[in-house]
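Colleague: Here is my input; please provide its structure:
(4 chains, ligands or ions: 4)
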Amino acid sequence: MTEDAPRHVRPYGDTTGDGMIQLSFTLPVAPGPHAEAAAAAFAAKMGLDPAMVVHAKGVGERFTFFVVYGRSPVILDLDEVKVVEREFPLLTAKEINLKIRSRLKRRMVVVGATVGTDAHTVGLDAILNVKGFAGEKGLESYRELRVVNLGAQVDARDLVERAVSERADALLVSQVVTQRDAHLQHVREVADALTTGWPARQRRPKLLVGGPRFDPASAAALGADRVFAKGTTPREVASYLVHELPAGGPARRSR
Amino acid sequence: MTEDAPRHVRPYGDTTGDGMIQLSFTLPVAPGPHAEAAAAAFAAKMGLDPAMVVHAKGVGERFTFFVVYGRSPVILDLDEVKVVEREFPLLTAKEINLKIRSRLKRRMVVVGATVGTDAHTVGLDAILNVKGFAGEKGLESYRELRVVNLGAQVDARDLVERAVSERADALLVSQVVTQRDAHLQHVREVADALTTGWPARQRRPKLLVGGPRFDPASAAALGADRVFAKGTTPREVASYLVHELPAGGPARRSR
Amino acid sequence: MTARAPLLHLDQRTVRKARKLAERAAAPVVELARTHTTTSVERAVLRLAGLTGADAEGIPWVNRLVDAVAADVGLEHGVALPVFDALASGEHADLATLAQKAAAGGAQFRLPAGVGHQRARRLAQRAVGAGIGRIDRARKDRDVMLRRLGDPPKPWIYLIVATGDIYEDIPQAQAAARAGADIIAVIRSTGQSLLDYVPEGATREGFAGTYATQENFRLMRAALDEVSRELGRYVRLTNDASGLCMPEIATLAGLERLDMMLNDCMYGIIFRDINPRRTFIDQRFSRQIHARAGIVINTGEDNYLTTADAVDAAHTVVVSQLLNERFGLEAGLQDWQLGLGHAFEINPALPEQFRLELAQAQLVRELFPHAPLKYMPPTKHMTGNVFFGYLLDAFFNLAGVLTNQEIILVGMMTEGIVTPFLSDRDLALENVRYVRDACAGLAEDFVPARGGFIAQRAAQVLAESVELLERIADEGLFTAIADGTFGITKRPADGGRGLDGVVVRADGYYNPAGALLEQAGPVGRPA
Amino acid sequence: MTARAPLLHLDQRTVRKARKLAERAAAPVVELARTHTTTSVERAVLRLAGLTGADAEGIPWVNRLVDAVAADVGLEHGVALPVFDALASGEHADLATLAQKAAAGGAQFRLPAGVGHQRARRLAQRAVGAGIGRIDRARKDRDVMLRRLGDPPKPWIYLIVATGDIYEDIPQAQAAARAGADIIAVIRSTGQSLLDYVPEGATREGFAGTYATQENFRLMRAALDEVSRELGRYVRLTNDASGLCMPEIATLAGLERLDMMLNDCMYGIIFRDINPRRTFIDQRFSRQIHARAGIVINTGEDNYLTTADAVDAAHTVVVSQLLNERFGLEAGLQDWQLGLGHAFEINPALPEQFRLELAQAQLVRELFPHAPLKYMPPTKHMTGNVFFGYLLDAFFNLAGVLTNQEIILVGMMTEGIVTPFLSDRDLALENVRYVRDACAGLAEDFVPARGGFIAQRAAQVLAESVELLERIADEGLFTAIADGTFGITKRPADGGRGLDGVVVRADGYYNPAGALLEQAGPVGRPA
Ligand code: B12
Ligand code: B12
Ligand SMILES: Cc1ncc(COP(=O)(O)O)c(C=O)c1O
Ligand SMILES: Cc1ncc(COP(=O)(O)O)c(C=O)c1O
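Modeller: Ligands and ions are numbered 1, 2, ... in the order given. As a prediction, this is how the structure comes out:
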């Protein structure tokens, strides 16, 4: 942001500070004047003042869909907005390979999977496969990374078992289906399996979680080390991985 | 509403009680992670939890447009929702003519105009002209109504002057442009003009206000007798007019 | 854009007949305009002569001066002779001083004769000629910029800005240009077209639009020049001429290098209740100025379909276009300056709505193959359902692509609700861009069947147009307007505002601008 | 709908060649299916014979019984003989009792020979014949309802319901039907296709879909019958067959009068990592059942374009359609039952995107003129911008109208975000309705230029398809699948789940259902 950008802001319709926003929702109320009044009351309870119910349409006999425009009273203090800034530098493939080599003295092992009943692999593949994403090659293309892509629909315990046998440095878990919080549940399963299934004396691998609907700030709550959201590129993930390498000298593994 | 309809409701996405709504708005913040976090913070301040910022698009360099889906905590008590119910029966043209005849013993005079700088006449004409609206003929078609349609862009004082000379029983004021609350301002001008310009001894005519963006509950605040919103039909207006006639015997005018 | 072969197989004899009839219907009105003047025409003359500024109440000096002249000698000879005669007396330093004194009652006017007449005439001609020279220079400046920066290919994307505050408008207009707009339209505050004067200075207090003032024109044109340079393409600016001050606003637009103007021969009559005679006289002078300034006019037939039904009244649009064309050509405009208006306003609930729209759009396209048509998005049937509105706008964009429209107004999903939000404009451009790119060559695959639904509908509208033109040619355009032919709005010839500003020209009427413009003839298409 | 004259002028020799190659490529796979059985095929046989219910852990009795038979005598002769031999012994009251006892280790199986063999065969045939009789009756019921209530004209509007809870699904499905849906698809919970059994009973706990169970099928069909009667048009029901239990689910669908089923010869392989052999064997049996039940199958080529690029991989869609057609016809399906899938998935940012889509859609239309094509809306390029998504869905709808698609899945503006909201469905139907009505006859005006962009693109995709088919016919379909030909997903013939359920048929293999179905031959189009 430029220096002179204001600190306190409101939504902008067509005039600074007008606070105008658009809303749509369905209420389980039969269409009619009562429903429209209910929509206005709902919008008012959301803080809109004025609130214009500009569209009301019955959906069947027991529901009504609404579009509302109105002025929100919320004033946002931009200084208070917490953003998960990238806490690591974005490196080139060369730098990444070099760092792994010099610090680890061996290839770094990452095991990826979409866990639970989720069958979406496109996002995971975008990070792992050579083909990559957004013009960046995937992790498989890094000389110093060994990638084990288990695909989709992998059980959390199977994933951890495999990670153990591959001596993984990192687990990359993808979750796309979010209905009924399936993604949160599945990630927690992996974190649990890691706690119970990982050999006590070995360095616990990093748990990276990714998918389009994760809140970037939710890592801790999920028992993960980091969350990657929509639009993540492979290089970001690789840069994070080397950033998390123990800083000094090679990391030695206890057997 | 049917008997078994619930009293307390929340928005309905795809499951009863899920509270899901959609929001869109622009913040005066440059696009980027900070903007997305600001959008999430804004949605949180609107009460959404969780809030998913599903779309963010820079509009120029200093603004970002967002689409957000999320769960609103608001629970609506339908019994508390106030709705301006039609307080009068909807009559047929025949009944309306009859009532005017029997109660007033003369034709009722209505003077209509779009006031101020507003040039929109389609809404007013829909109520007044023979052609009417939504299959109903307009007030001009009622034998016992004398309609004076002054058209648009009429000054509030000119309207009242004309109403005095026509001995109007009702003033019908239309307002369509709402930017910067132009409609509210113009209606208040008419109410003021009526207060100052109407002969003290004469019965003050009813002030009916109409337009697509009026809040039906705002009549009193505007100094009007009744507000008619989007979708009003001529018969509703005519029914209201006879409903407001003094109940017993003919209304006599003091000169 | 290479013109496509016609698709509708219209009967060309009927087309020629329609034009002949339009000429006949227009003739008496042109005669009226040639034999009358108005207060606004005379004020425009003074503006060309360089008179600017306003008194403490905000009433421009041109108004004060014209009123003073009218009071002393009437306007039937024009203001030029009395005013320059007074100036020639040497008593008044310049036009501005004269106007101030006149307003204070400190100047007397007469109709000069003989040598005085010749002298006044010369002075007037020189002063007004200088104004026209400034317009010519503005036009050259535009040509130079177009050559240097490049002219965006058609269709041109036309976006409206309307916050009411010129200082909010400017960044929004620049943002719109950066997002892809080729033309920025600043529309006016609701009240302005009924003001019988042009406000002065930069303004921040419009309702649903920003006042058209010379200073606002200048500020916005400068802002767009800046962004044009940044983008490497010339971004056009447009505003509204129609209204009680049509001739003056046209003049200011010429002086400040606006590129297009909404200018219709009947819009003010029908939608602002301005007197018909006043309007027809004013529009002729304003168009002579536009012709000189190389400005493209946009006519207002789209508006008819907001009050009348787009199917029933389809032919009234065509008739009005033919009249606007006729009046425009007569005033010296060339085909490339005739941005005839039409609109996508058929009720979306009607079966075959989109094909009916295509028939109309293609008909207009083929009737006016050399005019840069101005195609307006749906407005009347836009509701509060912004999702459906966004879809309807997409079909409008598609109709534009299929029928080769050239000036595309961009539809806003909030049309049924509020004046556009910043984000509306951005979303709307995304819509336009998708349709334009995804369907880039789709017109190649659009081949209405010969004698099929589309061809039949177009032929029917053309036939109805000829029929209506016959009636107008016989009964007179004023009668037709009084009968509610256009926009189902009845406007009697003697009703409406501004009739008191109409004056029959006397034999010795002199208007240096009119004289210069009539003799000049067309200046040709820009390089 | 009357078929339109072809517009693309495809080379018919190339088309014939493509079909011949598909037949050649399919032949070894058909042979595999004829010579193998699977646990799920055998369980389907028991379901036809009337065995229902599950044990306390929710494992169906059909699974228990098949497992017991497999343990005792293996499955290479089928379950029918050992099971009905055991029943014939008189020791077990009925199939259910037998299954329970077998599960508890209280029943022994043998492969009967001689008279015992004949007796078991007769019993099996009678029991399974009764099941097929129930399917036949369901088919007749459908025919009767179609006659009485009327069959909606094509294109059919197809809407998905997916709350995870059958009791939320039902009112939503009814609401969708009332709002205009002709087909309701209940999609399954994310995990189900990998379950090697079919859950039992009414369910309320699915993720992003509702479990496919016989009881859920029954409940939903009854609810739709109710609404069909109310609306006076038959509302179809569809669900997913593909998965580890394809044969059983097909059977349940036949019994409960579902009307369509997602059933693809390769979907399970590519998108669920189910073993290729298992899938090809299962799909053949399941399609024989569908053929008998008069069910229209929907294939899954649309899915390829979510992992592969819709332009680069366009020909893989066509190749797969030709294979699905071949496998379908071989299994006894008729052309009107082949709802071949394709999708509007080209990147909207690509120039001429819409015309590329039209080329593909029209190509498929002309290659399969008698198949009721299933046309899928954009999914991959749907983002969180619900406004733009709504627009893209409109162009999908338009492509459907212009190219005469018959089963139109309805695109949801929230595709990129969540499973559909109630209001999404309503808005989506408004979108469909506008496009269908406003452009009702627009196909008449859609005439791709001969040799123009669209025709060229179609010819190119056809040529690439033939090329690929040649390779597959030579190298084998399993190799192609292992190479990642479809959906750029590599699936080796021995990988994936369910291979352990594949059994080579022994010489004396007996499957009463298979026998009945093979001999039956096609039953004809519904009245
Ligand atoms: C492609 C797709 C499919 C394909 C999947 C093919 C495959 N092999 O992956 C098929 C057709 C098979 C499919 C099936 C289903 N799908 Co689907 N599908 C989609 C679709 C269209 C695109 C998803 C995608 O590929 N995005 C592109 C990738 C690149 O983006 P991404 O996943 O966000 O990944 C990026 C980041 O998130 C991040 N990332 C992701 N994972 C990871 C992991 C790590 C470690 C890191 C660091 C980063 C990272 O990096 C990636 C690159 O930036 C979406 C709709 C949409 N437009 O989003 C629906 C969608 C995801 N599907 C959905 C559903 C419900 C299903 C089904 C369950 C429906 C059903 N009941 O039948 C089925 C079953 C699947 C199952 N069992 O899970 C829903 C999910 C709804 C929800 N929010 O819960 C969606 C949103 C559609 C909808 N609106 O209903 N689907
Ligand atoms: C038609 C129209 C025009 C026509 C008007 C022609 C005419 N003679 O009326 C023309 C083209 C001239 C026009 C011009 C302008 N318009 Co305009 N126009 C519209 C449009 C498309 C439709 C309005 C309409 O006719 N609705 C149909 C009628 C039947 O509905 P209604 O007015 O709601 O009336 C019903 C009820 O409200 C009620 N009712 C109304 N009045 C009354 C009175 C009484 C007494 C009663 C009982 C009931 C009643 O009963 C009616 C029947 O149910 C709307 C957009 C839209 N889709 O709504 C924009 C719109 C109203 N216009 C708008 C604007 C800004 C303008 C301009 C100011 C733009 C400009 N700066 O140039 C100009 C200037 C007009 C001016 N000075 O006021 C804005 C207003 C924004 C706002 N909320 O402030 C809108 C919403 C468009 C937009 N999004 O920008 N417009
Ligand atoms: C031809 C024409 N002139 C002028 C205008 C605007 O004029 P006003 O400022 O009076 O609304 C319009 C607006 O639609 C128009 O179409
Ligand atoms: C052919 C086919 N079968 C089945 C399915 C659904 O299967 P599942 O429940 O495994 O997601 C689909 C979904 O897209 C499909 O296309």
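Colleague: Mind jotting down where the strands sit in the chain?
Modeller: You didn't pick a chain, so chain A it is. With DSSP state E as the criterion, chain A has strands at A:8-9, A:20-27, A:51-59, A:63-71, A:76-77, A:108-114, A:145-149, A:170-174, A:206-210, A:226-228.
Colleague: Wait, chain C was what I had in mind.
Modeller: C:36-38, C:156-161, C:183-186, C:236-240, C:260-262, C:296-298, C:338-339, C:341-343, C:374-376, C:407-409, C:502-504.
Colleague: Can you add distance to A:G13 and give the ones you listed back as CSV?
Modeller: All C-beta spots, glycine's among them, are computed from the backbone N, C-alpha and C. As requested, these are exported to CSV (distance: least, CB to CB, whole Å):
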stretch, distance to A:G13
strand C:36-38, 40
strand C:156-161, 13
strand C:183-186, 18
strand C:236-240, 23
strand C:260-262, 25
strand C:296-298, 27
strand C:338-339, 30
strand C:341-343, 25
strand C:374-376, 23
strand C:407-409, 21
strand C:502-504, 42
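Colleague: Next up, the contacts around C:R19.
Modeller: Residues near C:R19 by CB atoms under 8 Å, 6 or more residues apart in numbering or on different chains: C:322, C:325-326.
Colleague: Of the strands of chain A, give the one that comes closest to C:L123.
Modeller: strand A:20-27 (54.8 Å; CB to CB).
Colleague: Direction included, what does the closest one pair against?
Modeller: Its sheet considered, strand A:20-27 pairs with strand A:63-71 (antiparallel), strand B:20-27 (antiparallel) by DSSP bridges.
Colleague: In JSON lines: the ones you listed, plus mean pLDDT and mean neighbour count.
Modeller: Formatted as JSON lines, the strands paired with strand A:20-27 follow (pLDDT from 0 to 100; neighbours: other CB atoms under 10 Å in any protein chain shown):
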{"stretch": "strand A:63-71", "mean pLDDT": "97", "mean neighbour count": "24"}
{"stretch": "strand B:20-27", "mean pLDDT": "98", "mean neighbour count": "25"}
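Colleague: Which one of those strands lies nearest to ligand 3?
Modeller: strand A:63-71 (23.1 Å; CB to the nearest ligand atom).
Colleague: Specify the angle between the closest one and strand A:51-59 in degrees.
Modeller: Relative orientation of strand A:63-71 and strand A:51-59, computed by axes from the mean of the first three to the mean of the last three CA atoms, to 10 degrees: 160 degrees.
Colleague: So strand A:63-71, near ligand 2 or not?
Modeller: No: figure legend: strand A:63-71 not in contact with ligand 2 (CB under 6 Å from any ligand atom); closest approach 9.8 Å.
Colleague: Could you check how far the closest residue to A:V53 other than its chain neighbours is from B:L76?
Modeller: Of all residues not flanking A:V53 in the chain, A:A39 sits nearest, at 4.8 Å (CB to CB, 6 or more residues apart in numbering or on different chains). The gap separating A:A39 from B:L76 is 9 Å, by CB to CB, to the nearest Å.
Colleague: Which residues are in contact with each of those two?
Modeller: With CB under 8 Å, 6+ apart, A:A39 and B:L76 have common neighbours A:L27.
Colleague: When those two are compared, which one has more neighbours?
Modeller: A:A39 (27 against 21; other CB atoms under 10 Å in any protein chain shown).
Colleague: how many neighbours does the closest residue to chain A within chain C have?
Modeller: Per CB to the nearest CB, C:G384 is where chain C lies closest to chain A, at 2.9 Å. For C:G384, the neighbour count with other CB under 10 Å is 22.
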